[in-house]
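**Q** Give me the fold of what follows.
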Amino acid sequence: MSKQQIPLKLTATRFVRTVRLFLTSDVGGRAGFLLVSLIALFGGISALNVVNSFVGRHFMTAIAERQTGEFVRQAMLYAGAFGASTIVSVTARFAEERLALLWREYLTRRAIGVYMTDGTFYRMVVRGTLSHPDQRIAEDVKAFTTTTLSFLLMLLSSMLTIFTFSSVLWLISPLLFFAAVIYAAFGSFMTILLGRPLIKLNYNQLDNEATFRSGLIRVRENAESIMIEGAEQRHANRLSQQFDDLAANFRRIIAVNRNVGFFATGYNWMIQIIPVVLIAPAFMRGDMEFGVITQSAAAFAMLVGAFSFIVAQFNSISNFATVVARISSLLEAIEEARSAADTHIERGEVEGVFAYERLTLTSPAGEILLKDLSVRVPPGTRVIVTGKDDAAGIALYRATVGLGTPGSGRIVTPPRQMVRFLGQRTYSGPGSLRQILAPPKSSAETTDAQLLALLKSVGLARDLTPSDLDSEQDWSSLLSPREQQLLALASALAAAPSYIVLEKADAIFGHELLAEILNLLAERRIACINFAEPGAPRSAYDAVLEYGADGSWSWIDQKRDE
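**A** Numbers count the residues shown, from 1 in each chain. Have a look, this model is predicted:
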C-alpha cells in the first residue's frame with residue numbers, strides 16, 4: 001500500500017472548487033437557503049449565550065444577597081433563555097444535517113457519474129495510482145461533507161463567540177481579556193506542535209483499514225478455491241500482515257493522542273481557575289458583586305474556547321484535513337485517468353460502420369503484432385477472427401473494446417448503444433433479471449413472455465416464471481459462469497444492437513450452441529465478430545479475419561468463395 005503525500009495548496013484549491021460547484025449546482029438554491037439559515041441560527045445561539053451570561057450573573061447575585069423576588073424573576077428568565085437556546089440549537093442541528101445530506105447526495109452522484117463514464121473506473125484500476133477508490137466514494141465523501149460542514153460551522157460559532165464575548169470580558173476586566181488571548185495562542189501553538197503528525201497518520205489509517213477489509217472480502221468471495229487449494233495459511237498470513245500494518249499505524253496515532261491529551265486536559269483545567277484567580281481579589285475588596293465572578297468564569301471559558309478552536313477541535317481539524325486530502329487525491333486520480341493517453345489509436349463512431357483503418361498494434365515491448373489492418377465488417381456479417389499466434393488476437397480484441405492497447409491507426413464503430421461487447425468473463429451482479437435485460441431504449445421485447453422467450457432462445461435452461469424477472473438476486477452467485485454468459489448475451493440481444501463482439505465464444509458456449517447463437521444473430525440481422533481460439537472451426541461464419549505471426553493479416557470472404 002502506498003503512503004500518500006498531502007499537497008496542501010492543491011488540496012485547498014480543490015476544496016474551494018468543490019464548494020463552489022456545489023453552491024452553483026442545481027441544488028445550490030436549497031444549499032444556500034440552508035447555509036444562510038445556519039448562519040442566522042448560530043448568530044442567535046451566540047446572542048442567547050450572552051443573554052444567559054448576564055441572567056446567570058444577576059441570578060447568582062440574587063442568591064448571594066438573599067433577594068427572593070429577584071431570585072424568582074431571574075430564575076424565570078433563566079428558564080426562558082434555556083428554552084429558547086434549546087429550540088435554536090436543535091433547529092440548527094437539523095439544518096446542519098439536512099445540508100450535509102444534500103451535499104453528500106450531490107457529491108456522490110457526481111463522483112459516480114464521472115467514475116463510471118468512459119472507462120475511468122477501469123483505467124484507475126489498471127494504473128493503480130490510487131488505493132481503494134470505492135472507499136473514497138462511499139465513505140470519504142460522507143466524512144468529507146459531514147466533517148467539512150461541522151468544521152466550518154464550529155469555526156463560524158467560534159468567530160461569533162469571539163465577537164460577542166470579547167466586549168463582555170473587556171467590560172469586566174481588560175486584564176482578563178488579554179489573559180484569554182495569550183493563553184489561547186499558547187494552547188494553539190502547543191497543540192499544533194504536538195498533534196501535527198495526526199493528519200498523515202489518519203490518512204494512512206483509512207487506507208490500512210480499507211486494505212484489511214478488502215483482504216477479508218476477497219477471502220469470502222474465493223472461499224471455495226482457497227479451501228480446495230489448501231491455501232488457508234498463506235491467506236491467513238497475508239491478513240495478519242495487513243492487520244499488523246493497521247495496528248502499528250494506530251499505535252502511533254494513540255501515542256500522538258496521548259501527548260495531545262496530556263496538554264489539552266491540563267489546559268482545559270486551567271481555564272476554570274485563571275478567571276477566578278484574577279477576579280477574586282476585586283470581589284474581596286468589594287469592587288465587584290459576587291455574580292461577576294461566575295459571569296467572568298463563563299465568559300472567559302467561552303472566549304478562550306473560541307480562541308482555542310485548534311486546541312478544542314484538533315481531532316476534527318486533523319480528520320477534516322485527512323478527508324479533504326483523500327477526496328482531492330480521488331479527484332486527481334479521476335482527472336489523470338480521464339486524460340490518460342495509453343494509446344495513439346483514434347476512435348470514431350459512425351452509424352452502421354465497423355471498420356479498422358491502417359491499424360497497427362504492438363506489444364508492450366514494442367514488437368509488432370498486427371500491421372496496417374484495414375478492414376470493414378459489413379452489416380449482418382458473421383466474422384471469426386483467428387490465427388496461430390493468439391497475442392495478436394488478444395491485442396486486437398482489447399483495442400476494439402477500448403482497453404488501451406499500444407498502437408496506431410483508427411477504429412470506427414457504431415454509437416455505443418448499437419454495439420455490444422461480451423468478454424470471456426462477465427459480471428451479472430445483484431439486481432433483477434428485468435433490470436439486466438431491459439434495453440436502454442424502447443424495444444419490441446418488453447413483455448414478460450418475450451423476455452422469458454429470449455432467455456430460452458439463447459439456451460438458458462432454467463425454468464423461469466414472470467415473477468422471477470423481478471426477483472432481486474445476486475446472479476453472479478446463483479448462475480454458473482456459462483449461464484452468466486448466456487444472460488449477458490440475452491441482455492445484448494434485448495438492446496437490438498447492429499454489432500455484437502464476442503471473445504472466445506467457441507470456448508465458452510461450445511461449437512454446437514455457438515452455431516445456434518450465430519444463426520439466431522443472423523435471423524435478427526445482427527453482425528457478429530468472434531475473436532476465437534486458435535484453430536476454432538470456421539464453417540459457421542461468413543468471413544474470416546486471419547492474422548499471422550509476423551503481423552500480416554488476410555480477409556477471407558467465405559460466402560463469396562462458396
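**Q** Using the three-state scheme, assign residue 500.
**A** strand (DSSP: H, G, I helix; E, B strand; the rest coil).
**Q** can I assume it is in contact with residue 521?
**A** Yes: counting by CB atoms under 8 Å, residue 521 is a contact partner of residue 500 at 6.6 Å. No exception for glycine: its C-beta is placed from N, CA and C like everyone else's.
**Q** Now do the contacts for residue 22.
**A** By CB atoms under 8 Å, 6 or more residues apart in numbering, the contact list for residue 22 reads 28, 31, 103, 106, 107.
**Q** mind listing the helices in the stretch 451-562 of the chain by residue range?
**A** In chain order, the stretch 451-562 of the chain shows helices spanning 475-478, 481-494, 505-509, 511-523, 558-561, with DSSP state H, counting those that start in this stretch as the criterion.
**Q** what's the answer for the stretch 251-400 of the chain, then?
**A** In the stretch 251-400 of the chain, the helices defined using DSSP H, counting those that start in this stretch lie at 290-307, 309-312, 314-339, 390-401.
**Q** Can you flag the weakest of those by average pLDDT?
**A** Of all these, mean pLDDT reaches its minimum on helix 309-312 (a mean of 60).
**Q** Spatially central residue for the chain, please.
**A** The geometric centre of the chain, computed from its C-alpha atoms, lies nearest to residue 137 (CA atoms, centre = their mean), at 0.7 Å.
**Q** hang on, isn't it packed against residue 115?
**A** Yes: applying CB under 8 Å as the test, residue 137 and residue 115 come out as touching, 6.6 Å apart.
**Q** Okay, now the unreliable bits of the stretch 1-150 of the chain?
**A** 1-12, 14, 118-120, 122-132 (pLDDT under 70).
**Q** residue boundaries of the helices in it?
**A** Under DSSP H, counting those that start in this stretch, the stretch 1-150 of the chain gives helices at 8-23, 28-64, 68-115, 120-127, 133-135, 141-172.
**Q** Would you mind listing the buried residues in the fifth one?
**A** Yep, that's helix 133-135 we're talking about. Using 16 or more other CB atoms under 10 Å as the test for burial, helix 133-135 gives 133, 135.
**Q** Nearest to residue 381, out of the helices of the stretch 451-562 of the chain?
**A** helix 558-561 (8.4 Å; CB to CB).
**Q** Most neighbours out of the contacts of residue 22, which is it?
**A** residue 103 (25 neighbours; other CB atoms under 10 Å).
**Q** What's the separation between that residue and residue 451?
**A** According to CB to CB, to the nearest Å, residue 103 and residue 451 sit 40 Å apart.
**Q** swap in residue 58?
**A** When residue 58 is compared with residue 451 (using CB to CB), they lie 77 Å apart.
**Q** cool, and residue 378?
**A** Residue 378 is 30 Å from residue 451, by CB to CB.
**Q** When the two are compared, which one has more neighbours?
**A** residue 451 (20 against 14).
**Q** what residues are up against that one?
**A** 433, 434, 437, 445, 469, 494.
**Q** now swap in residue 243 and tell me
**A** residue 212.
**Q** what about the closest residue to residue 78 other than its chain neighbours, how many neighbours?
**A** Leaving out its chain neighbours, the residue that sits closest to residue 78 by CB to CB, 6 or more residues apart in numbering is residue 55, at 5.3 Å. Look at residue 55: counted by other CB under 10 Å, it has 23 neighbours.
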